[in-house]
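Undergrad: Pasting a predicted model and its sequence here:
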Amino acid sequence: MEIIVHTMEYSGEAIHSPLILRNYLSSDYSQYQEIYNECFSDMRTALCLNPINCCDTEADLIQKHPNVFILEKNHNLIGSVAIHGNEIDDLIVAKQYQRKGYGELLLKFAVSFLQKNKVSPIRLHVADWNQRALKMYIKNNFKIIHTKTIN
């Protein structure tokens with residue numbers, strides 16, 4: 001099975017995000033794991049990637065917690081985005097909150113965060129299979145700068 005992965009780079013204007021997110025806590029693990037696996041299982045199944053459920057361990061996430069930002073509503077985890085160096089990673093939104101603008105809000109938060117910290121270029125990676133995400137990134141001024149095929 002071949003997997004096409006795009007590297008994308010932000011090419012838009014400065015963004016100010018009004019979102020206030022908190023960092024990941026160990027108490028988030030069960031909800032985070034469920035949402036993460038839910039978000040990536042269809043793609044991983046379609047691309048014959050194993051394991052299907054691929055969320056980091058609780059210990060790994062605790063180590064990454066300064067870089068993992070949580071969006072919640074009424075104490076329910078809606079979504080999350082991770083920022084590692086100049087890369088936006090693991091942007092996830094719970095199924096019941098998808099297609100309501102939360103992914104775009106998380107993306108804009110990440111871009112704004114990186115811009116405030118004077119980090120550039122701002123990049124992310126997306127599998128071509130994930131056309132909804134790819135279209136959202138393009139709509140939000142990300143351009144494909146490199147494409148590779150992984151066997």
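TA: Looks like it arrived, so ask away.
Undergrad: residues contacting the spatially most central residue of the chain?
TA: Geometric centre of the chain, nearest residue: residue 91, 1.5 Å, by Cα atoms, centre = their mean. When contacts are counted by Cβ atoms under 8 Å, 6 or more residues apart in numbering, residue 91 touches 79-82, 103, 106-107, 110, 124, 133. C-betas here are computed from N, CA, C, even on glycine.
Undergrad: Which strand or helix spans residue 81?
TA: Assigned by DSSP states H and E, residue 81 belongs to strand 76-84.
Undergrad: cool, and residue 136?
TA: Using DSSP H and E, residue 136 sits in helix 131-139.
Undergrad: which helices and strands sit right next to that helix?
TA: Under the contact criterion of 3 or more Cβ pairs under 8 Å, 6 or more residues apart in numbering; DSSP states H and E, helix 131-139 touches helix 102-116, strand 123-127.
Undergrad: quick one, it and strand 123-127 angle?
TA: Here helix 131-139 runs at an angle of 150 degrees relative to strand 123-127 (axes from the mean of the first three to the mean of the last three Cα atoms, to 10 degrees).
Undergrad: buried residues in the following helix or strand past helix 131-139?
TA: Next in sequence after helix 131-139, counting helices and strands by DSSP H and E, comes strand 142-150. Neighbour-count burial for strand 142-150, counted by 16 or more other Cβ atoms under 10 Å, picks out residue 142.
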